[in-house]
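Undergrad: no sequence on this one, just coordinates:
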């Protein structure tokens with residue numbers, strides 16, 4: 001199975017990116033890799049593909065924590081038994097009869113997903129019976145007692161960590177144990193609580209839309225919830241149906257700012273995890289970017305270290321005496337883009353992300369800032385650079401010659417400009 005998936009990724013030129021991201025994820029504690037939230041409707045429609053992807057992650061030694069609901073399956077079973085369905089503010093009115101159905105359906109969905117992951121070569125466990133999530137009765141909503149609807153009080157984070165560290169994917173359904181029995185809990189609420197306790201690198205929501213949509217129905221690639229989100233909401237760029245979800249994500253990122261939230265389609269999980277471009281919407285609580293027109297106000301030693309670690313070569317001694325158009329830098333020196341001017345053209349001289357930050361979405365955010373600043377850009381890359389497939393997707397054109405590939409977007413550069421870029425002296429040299 002693993003070979004089949006890798007071969008498919010190679011067909012799209014993504015195998016180098018997979019290796020790059022896998023190295024980054026391997027440095028993260030097992031339990032802090034990712035929390036993945038699945039709706040019941042998504043599982044019904046794409047259960048086989050989702051199980052295949054989770055088994056693939058397991059085969060790589062990556063153990064996300066999976067949280068799921070089963071709303072559509074529960075509705076269907078209640079209708080079959082003639083039990084009334086009623087919801088208040090989106091929460092299911094849950095009497096004792098309904099709770100019995102909820103518990104039975106959720107356990108069945110968990111068991112089926114776990115069995116499918118294990119059958120496909122992964123390692124997963126139905127964690128519902130381990131009493132990892134504790135709840136108490138939710139207070140009345142809009143004056144209505146909702147019965148056995150619970151609020152999450154605590155999560156056994158130590159046991160979740162232990163399961164992940166043992167190489168097992170924990171699968172949790174949207175229910176929790178109280179002192180007086182089981183409670184029905186909202187899947188979004190449960191997944192956010194897991195994120196708050198575990199503080200994973202990534203929180204991935206798998207939805208049928210594949211991301212947050214703008215008013216024209218197009219997926220928004222990245223959102224900085226601190227700087228961009230207020231303006232996007234005010235301008236109507238985000239559709240009404242997405243406003244509630246985005247608001248919830250912002251509240252989560254306010255509490256757990258180090259987590260990156262990604263929304264993707266059911267069949268795009270691997271692409272979202274293992275490629276720089278991803279496929280859906282990435283939301284981040286600010287990238288802490290600073291910009292400068294020279295190196296004078298910056299820590300050039302830290303930039304040198306970042307570049308030399310990223311390229312595996314030495315930076316030439318006089319690099320920081322060279323003039324630059326713009327240095328775009330992540331505040332903790334986790335990533336940098338350096339733009340110069342070459343015969344009136346804007347030339348991207350360096351683009352580097354520290355390995356531990358390559359899985360955080362920082363690449364997408366810095367690249368988006370570059371594109372905002374420069375509607376036309378040219379750059380070159382060694383033919384052996386593993387990021388070249390991604391560069392090709394960002395470019396409007398490319399020219400390969402000798403040991404270099406010259407890329408550009410915006411207006412196509414002249415042959416003379418391309419040659420000037422090819423003739424530039426190397427600034428990274430073998431140690």
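TA: Thanks, I have the structure now. Predicted model only: the values in this text are computed from it and were never measured.

Undergrad: who does the strand or helix carrying residue 196 touch, helix- and strand-wise?
TA: Residue 196 is located in helix 187-198, with elements delineated by DSSP states H and E. Applying 3 or more Cβ pairs under 8 Å, 6 or more residues apart in numbering; DSSP states H and E, we find helix 187-198 packed against strand 34-38, strand 65-68, strand 150-155, helix 157-165, strand 202-206, helix 240-255. Where you see a C-beta, it was placed from the backbone N, CA and C, and this is true even at glycine.

Undergrad: So which residues of the stretch 251-400 of the chain form strands?
TA: 260-264, 281-284, 289-292, 314-315, 326-330, 335-342, 345-353, 377-382, 397-401 (DSSP state E, counting those that start in this stretch).

Undergrad: Kindly reformat those as TSV containing mean neighbour count and distance to residue 368.
TA: Shown next, in TSV, are these (neighbours: other Cβ atoms under 10 Å; distance: least, Cβ to Cβ, whole Å):
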stretch	mean neighbour count	distance to residue 368
strand 260-264	26	14
strand 281-284	26	10
strand 289-292	14	10
strand 314-315	16	26
strand 326-330	21	11
strand 335-342	20	11
strand 345-353	21	13
strand 377-382	21	13
strand 397-401	14	20
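
Undergrad: show me the residues around residue 327 that make contact.
TA: Residue 327 makes contact with 291, 292, 293, 294, 295, 298, 303, 336, 337, 338, 339, according to Cβ atoms under 8 Å, 6 or more residues apart in numbering.

Undergrad: Check residue 155 too.
TA: Here residue 155 is in contact with 132, 133, 134, 193, 194, 197 (criterion: Cβ under 8 Å, 6+ apart).

Undergrad: for residue 48, same thing?
TA: residue 116.

Undergrad: Which strand or helix spans it?
TA: Counting by DSSP H and E, residue 48 is found in helix 40-59.

Undergrad: ok now that helix, how far from the chain's centre?
TA: 17 Å (Cα atoms, centre = their mean, to the nearest Å).

Undergrad: Endpoints of stretch 31-42, how far apart?
TA: 24 Å (Cα to Cα, to the nearest Å).

Undergrad: just for the stretch 101-250 of the chain, where's the confidence low?
TA: Across the stretch 101-250 of the chain, the ranges flagged by pLDDT under 70 are 239-241, 244.

Undergrad: Residue 86: which of the strands of the stretch 251-400 of the chain is closest?
TA: Closest of the strands of the stretch 251-400 of the chain to residue 86 is strand 260-264, at 29.2 Å (criterion: Cβ to Cβ).

Undergrad: what about the residue nearest to residue 346 when sequence neighbours are not counted, how many neighbours?
TA: If the residues on either side of it in the chain are set aside, residue 346 comes closest to residue 374, at 4.7 Å by Cβ to Cβ, 6 or more residues apart in numbering. By other Cβ atoms under 10 Å, the residues close to residue 374 number 18.

Undergrad: helices and strands around the strand or helix carrying residue 170, which ones?
TA: Per DSSP H and E, residue 170 falls inside strand 169-173. Applying 3+ Cβ pairs under 8 Å, 6+ apart, one finds that strand 169-173 contacts helix 40-59, strand 65-68, helix 96-119, strand 124-126, helix 157-165.

Undergrad: After that strand, which helix or strand is next? Please name it.
TA: Immediately after strand 169-173, counting by DSSP H and E, sits strand 175-178.
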